[in-house]
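> Could you work out the structure for the sequence below:
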Amino acid sequence: MSTIQRILLFFVIPILAPLFFPPQTLMGGYLIILVDVILFGALGFFLMRGRNTALTLLIFLQGLNVIIRMMMFFSNATYHDGTANVMYIITSLISIVLSLYLVLRLDRVDVRTQMVD
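The predicted structure is shown next:
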């Protein structure tokens, strides 16, 4: 696994996956964005250092993101008048796919061997 792939798997995708919301939803949430970047940045740092607990926590948080997004999907996919909320549908599907990819990818043996002790 190259350095670029490790940075994508340990830092970039975990930070972005929970933040995929429509732009108008994220406008007032600067603190949440900052907390997300700090939390997943620290987890990525500990993953690069070879901490198995960080890997377990990252897999758990990404799995939780998938479950919560699936629970919220149908109740928020339409507006009150019945029209589709297309931006919400697209961003939720992207977030679910990215988090599910991470859950399945991070639990493989090659990722665990790339974690340096």
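> give me the low-pLDDT residue ranges for the chain?
Counting by pLDDT under 70, the chain has low-confidence residues at 116-117.
> Pull up the gap between Phe73 and Ile67, please.
11 Å (CB to CB, to the nearest Å). To be clear about C-beta, it is placed using only N, CA and C from the backbone, and glycine gets the same treatment.
> Comparing the two, which shows the higher neighbour count?
Counted by other CB atoms under 10 Å, Phe73 and Ile67 do not tie: Phe73 has more neighbours, with 14 against 11.
> tell me the secondary structure for that one?
Of the three states, Phe73 takes helix according to DSSP: H, G, I helix; E, B strand; the rest coil.
> Tell me who's in contact with the nearest residue to it once chain neighbours are set aside.
In space, Phe73 comes closest to Ser92 once its chain neighbours are excluded; the distance is 5.5 Å by CB to CB, 6 or more residues apart in numbering. Each residue near Ser92 by CB atoms under 8 Å, 6 or more residues apart in numbering is listed here: Phe20, Arg69, Met72, Phe73, Asn76, Ala77.
> Kindly report the same for Tyr79.
Counted by CB under 8 Å, 6+ apart, Tyr79 has contacts Asn85.
> Arg49 - how many residues pack around it?
Counted with other CB under 10 Å, the neighbours of Arg49 add up to 11.
> Tell me which residue lies nearest the centroid of the protein.
Residue closest to the average C-alpha location in the chain (CA atoms, centre = their mean): Ala17, at 3.0 Å.
> tell me which element the residue lying closest to that one once chain neighbours are set aside falls in.
Leaving aside its chain neighbours, Ala17 sits nearest to Leu98 (4.0 Å; criterion: CB to CB, 6+ apart). Here Leu98, judged by DSSP states H and E, is contained in helix 86-106.
> Good, wrapping up.
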